[in-house]
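Participant: show me the folded form of this:
(2 chains)
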Amino acid sequence: MSSETKQILTTDGIPLEISLRKAERKNKIKAFLLVSPLLLFLLITYIFPIGEMFTRSIDDKMITNMLPKTFKSMETWDGKELPPEEVFASFLSDFKILVDKKEHGKLAQRLNKEKNGFSSTVKKLFRQVKRNKIDESKNIKEQIMKVHKRWRDVEYWRAIKRTAPPYTSAKYLKAIDMYLNEDNKITQVSEDRRIHRILWLRTVEVAFFVTVFCFLMGYPIAHLLATLPMKYSNLLMICVLLPFWTSLLVRTASWMILLQQQGVVNDFFVMIGLVADDNRPEMMYNKVGTYVAMTQILLPFMVLPLYSVMKTISPSLMRAGKSLGGTPFVAFWKVYFPLTIPGIGAGCLLVFILAIGYYITPALVGGSSGTLISNRIAYHMKTTLDWSFASAMGLMLLGGVLVIYWLYNKLVGVDNIKLG
Amino acid sequence: MALPKYTETRYRIWHYFYIAICTFVFIFLIAPLFVIFPLSFNAEEFLVFSEGMKNLDPDAFSLRWYKDMVYGTKNPWGLAAKNSFIIAIFATLGSVILGTVAALGLSSRHMPFKGIIMATLISPMIVPLIISGVAIFFFMAKAGLAATHAGIVLAHIILGTPFVVITVTATLSGFDHSVTRAAASLGSNPVNTFMKVTLPLILPGVISGGLFAFVTSFDEVVVVLFLAGLENTTIPIQMWTGLREQLSPTILAVATCLIILSTLILISAELLRRRSERLRGINR
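Facilitator: Model prediction:
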């Protein structure tokens, strides 16, 4: 007998194996088709725009397109002495085109960002060009150098050359209070202008402490909710769920009322004699306000994942621990606590990520200490319109969040984040 | 939680300490919501409890700020409320439809690249809001949808779908697929099977996902601050500007209404959750 087995055929006479594979593929396509509308929608409206933030944050094409001939002729210039006549000539011809298109202002602005003093220098050249004072048949280099003393300064020509590449990392450096100096070295900005690093640190600090406070307050009540009989725990659960469903701004407003100097909390402190009536402490418009309000607002996000994990831990485990000779503390620490780690991880991750992107509450109750990095991003988006800088800061924040997410995945493992 | 009689004193003390902490945290969570109630009925303009209110003097209470909210001059709340509801309703519908369909595909065991696709679909929930705001604004500005209702609705669909995807996939995880096969074997076409068999069973999950999407849209302020023009002002935007400029009692009246709304949403969400657990056969 040969080892050849008879192929099983379906009723259509097609081998079963092929028929099954076909059905499998059909199912795959069907599943994918169901997901595709949302996937496409998100890719177009959300994922690609995040990618666009990146190109926007490093984009420096504007000036590259403004001075094409200049940069071409500068390629051979070593930057040690003033550039040759050829560079001056092509700069003038580029500049004339810009004047015709009325874009010389943009050029001045961009160059001024690279090196202070360009604004007036370019303006002066503009006036000369406008009045047709520069004769192209004569030596252009000499004529331009006469317009303003800065055109005779090699530093300024070097600054122009530095703007040649179509991409720049300047925005990212600016976000950590650094910049590229004349010699292409990364340097710190002067001490009194280092504002962004303070903001980054403050953002991380606020997010970290809010997470710690949420954990310290959330753990006991999640435990209580998980161990109480259903009858009572359902009632107490309302205390967690009602704030969860209530508008963030409503809760912020109530904290503003509670924490003001004539507010309920201060009234209470005066009543129990903790502080004198004429010496009420300022609890709002400083860090206290930010911490208190944000902790209350984010607490449900800690309690709910903790609760859903604790609910699955059988009470007999603790009993077993105790009956084996552990004190309640030992039984808790060695048996119960390790089992709740996935919940702690999920809760802390959720709270930290939410806290790091928050700015509404800190901006309202935090006063001058409530300015966080997100606040700064919104400011640049809406007020200064420096969108590329806002994009750069946003992506740095996103990078930080992704790192945290990756760490969490390594340490605890991402399981479904439960929403109550 | 009564303690057994044999409990040692130190554990007894610890237990009462624990109860005290929990009580404090519960008060901390819920009390702020209740401060708003009485103050919104304040007859005076100040945001503190007046002497009259402390003595429960009826004259110290009034509906003045509620009238101001509804009939006030240059009243922004009417337009804001209308916009908020329109935007939230359309955003919810969009999120529910897109999210449910995607969840159906995702919970199929044939789905290729499940992990990465799931991560993409729920990314708007993980990415900090401010970044979502910037990205969505760039898209809407390019598409010419900034400062339109449609733009805000689309933005809120983006933010709302992850909740629907998560709740519906959770509901589908306990779903018995043999019922759809039974329907198919009885000659039902897929659409009919979905409408008559699958949907009724997963409806609680769908609706609670929808509630999440609704609340997300109704309460969303970060993204909408980028997108809204004067015409598309919403309740959160008005509250944000109000709280920044001056905390007026009218805001408290609005806040009270919002708390009532969230209570209603909480009750429906709870009822749905219980029904869903019953349908999925989870007994506790």
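
Participant: for B:Ala103, give me its contacts.
Facilitator: Going by C-beta atoms under 8 Å, 6 or more residues apart in numbering or on different chains, B:Ala103 touches B:164-165, B:168-169, B:172. Heads up, the C-betas are built off the backbone N, CA and C, glycines and all.

Participant: also near chain A: which of those, exactly?
Facilitator: B:Val165 (C-beta under 8 Å from any C-beta of the partner chain).

Participant: looking at the contacts of B:Ala103, which are in helices?
Facilitator: Using DSSP state H, B:164-165, B:168-169, B:172 are the members of the contacts of B:Ala103 that sit in helices.

Participant: quick check: residues of the stretch 251-400 of chain A near chain B?
Facilitator: By C-beta under 8 Å from any C-beta, the part of the stretch 251-400 of chain A that sits against chain B consists of A:251-258, A:260, A:262-264, A:267, A:296, A:299-300, A:328, A:353-354, A:356-360, A:363-364, A:374, A:377-378, A:381-382, A:387, A:390-391, A:394-395, A:397-398.

Participant: just the closest residue of chain B to chain A, please.
Facilitator: Here chain B gets closest to chain A at one residue, B:Pro128, 2.5 Å apart by C-beta to the nearest C-beta.

Participant: now that residue. Nearest residue, chain neighbours left out?
Facilitator: A:Gly357 (2.5 Å; C-beta to C-beta, 6 or more residues apart in numbering or on different chains).

Participant: check B:Trp77 too.
Facilitator: B:Met69 (5.3 Å).

Participant: how about B:Ser95?
Facilitator: Leaving out its chain neighbours, the residue that sits closest to B:Ser95 by C-beta to C-beta, 6+ apart is B:Gly160, at 3.6 Å.

Participant: so the one you found touches B:Leu93, yeah?
Facilitator: No: applying C-beta atoms under 8 Å, one finds B:Gly160 not in contact with B:Leu93, separated by 10.0 Å.

Participant: intersection of neighbour lists for these two?
Facilitator: Shared contacts of B:Gly160 and B:Leu93 (C-beta under 8 Å, 6+ apart): none.

Participant: now name the helix or strand holding B:Trp65.
Facilitator: Assigned by DSSP states H and E, B:Trp65 falls within helix B:64-71.

Participant: which residues sit against that helix?
Facilitator: By C-beta under 8 Å, 6+ apart, the surrounding residues in contact with helix B:64-71 are B:40-43, B:75, B:77-78, B:248-250, B:252-254, B:257.

Participant: for it, buried residues please.
Facilitator: Under the neighbour-count criterion of 16 or more other C-beta atoms under 10 Å in any protein chain shown, helix B:64-71 has B:64-66, B:68-69 buried.

Participant: now do stretch B:12-29
Facilitator: B:21-22, B:25-26, B:28-29.

Participant: ok, A:Lys80 to A:Thr163 distance?
Facilitator: 19 Å (C-beta to C-beta, to the nearest Å).

Participant: do the same with A:Gly366
Facilitator: Using C-beta to C-beta, one obtains 38 Å as the distance from A:Gly366 to A:Thr163.

Participant: let's have the buried residues of stretch B:12-29 in TSV, adding distance to A:Lys174, secondary structure and pLDDT.
Facilitator: Converted to TSV, these look like this (distance: C-beta to C-beta, whole Å; DSSP: H, G, I helix; E, B strand; the rest coil; pLDDT from 0 to 100):
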residue	distance to A:Lys174	secondary structure	pLDDT
B:Ile21	46	helix	94
B:Cys22	47	helix	94
B:Val25	42	helix	94
B:Phe26	46	helix	94
B:Phe28	40	helix	92
B:Leu29	41	helix	92
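
Participant: now narrow those residues to whatever sits close to chain A.
Facilitator: Applying C-beta under 8 Å from any C-beta to these, those adjacent to chain A are B:21-22, B:25-26, B:28-29.

Participant: same list (those residues) but as TSV, adding distance to A:Leu16.
Facilitator: Below are these laid out as TSV (distance: C-beta to C-beta, whole Å):
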residue	distance to A:Leu16
B:Ile21	65
B:Cys22	62
B:Val25	62
B:Phe26	62
B:Phe28	65
B:Leu29	61
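
Participant: among those, which two are most distant?
Facilitator: For those, the maximum inter-member distance is 12.7 Å, found between B:Ile21 and B:Leu29 (C-beta to C-beta).

Participant: need the contact list for the closest residue to A:Gln262 other than its chain neighbours.
Facilitator: Among residues not flanking A:Gln262 along the chain, B:Val48 sits closest, at 4.6 Å (C-beta to C-beta, 6+ apart). B:Val48 is in contact with A:260, A:262-263, B:39, counting by C-beta under 8 Å, 6+ apart.

Participant: and which of those is nearest to B:Arg10?
Facilitator: Distance to B:Arg10 across those (C-beta to C-beta) is lowest for A:Gly263, with 38.1 Å.

Participant: state the phi and psi torsions of the closest one.
Facilitator: Dihedral pair for A:Gly263: phi -80, psi 180, per degrees, to the nearest 10.

Participant: low-scoring stretches of the stretch 1-150 of chain B, by residue?
Facilitator: Across the stretch 1-150 of chain B, the ranges flagged by pLDDT under 70 are B:1-2, B:73-74.

Participant: can you give me the helices for chain B?
Facilitator: Counting by DSSP H, chain B has helices at residues B:9-40, B:51-54, B:64-71, B:77-106, B:114-126, B:129-143, B:149-173, B:178-185, B:190-193, B:199-219, B:222-227, B:235-245, B:249-279.

Participant: residues of the stretch 151-284 of chain B that sit close to chain A?
Facilitator: Counting by C-beta under 8 Å from any C-beta, the stretch 151-284 of chain B comes close to chain A at B:154, B:157-158, B:161, B:163, B:165-167, B:170, B:212, B:215, B:218-219, B:221-222, B:225-226, B:235-236, B:239-240, B:243-244, B:247, B:251-252, B:255, B:258-259, B:262-263, B:265-266, B:269-270, B:273, B:284.

Participant: need the contact list for the residue in chain A that chain B sits nearest to.
Facilitator: Residue of chain A nearest chain B, by C-beta to the nearest C-beta: A:Gly357 (2.5 Å). A:Gly357 is in contact with A:374, A:397, A:401, B:127-131, counting by C-beta under 8 Å, 6+ apart.

Participant: just checking, what packs against the one helix or strand A:Trp406 maps to?
Facilitator: Under the criterion of DSSP H and E, A:Trp406 resides in helix A:387-411. Secondary-structure packing of helix A:387-411 (3 or more C-beta pairs under 8 Å, 6 or more residues apart in numbering or on different chains; DSSP states H and E): helix A:48-58, helix A:170-175, helix A:341-356, helix A:373-382, helix B:129-143.

Participant: quick one: contacts of the helix or strand just after the third one?
Facilitator: Right, the one you point to is helix A:341-356. Counting by DSSP H and E, the next helix or strand C-terminal to helix A:341-356 is helix A:360-365. Outside helix A:360-365, the residues that touch it by C-beta under 8 Å, 6+ apart are A:206, A:248-249, A:252, A:255-256, A:259, A:284-285, A:289-290, A:293-294, A:297, A:370-372, A:375, B:221-222, B:240, B:243-244.

Participant: just the buried members of these?
Facilitator: Neighbour counting with 16+ other C-beta under 10 Å marks A:206, A:248-249, A:252, A:255-256, A:259, A:284-285, A:289-290, A:293-294, A:297, A:370-372, A:375, B:221-222, B:240, B:243 as buried within these.
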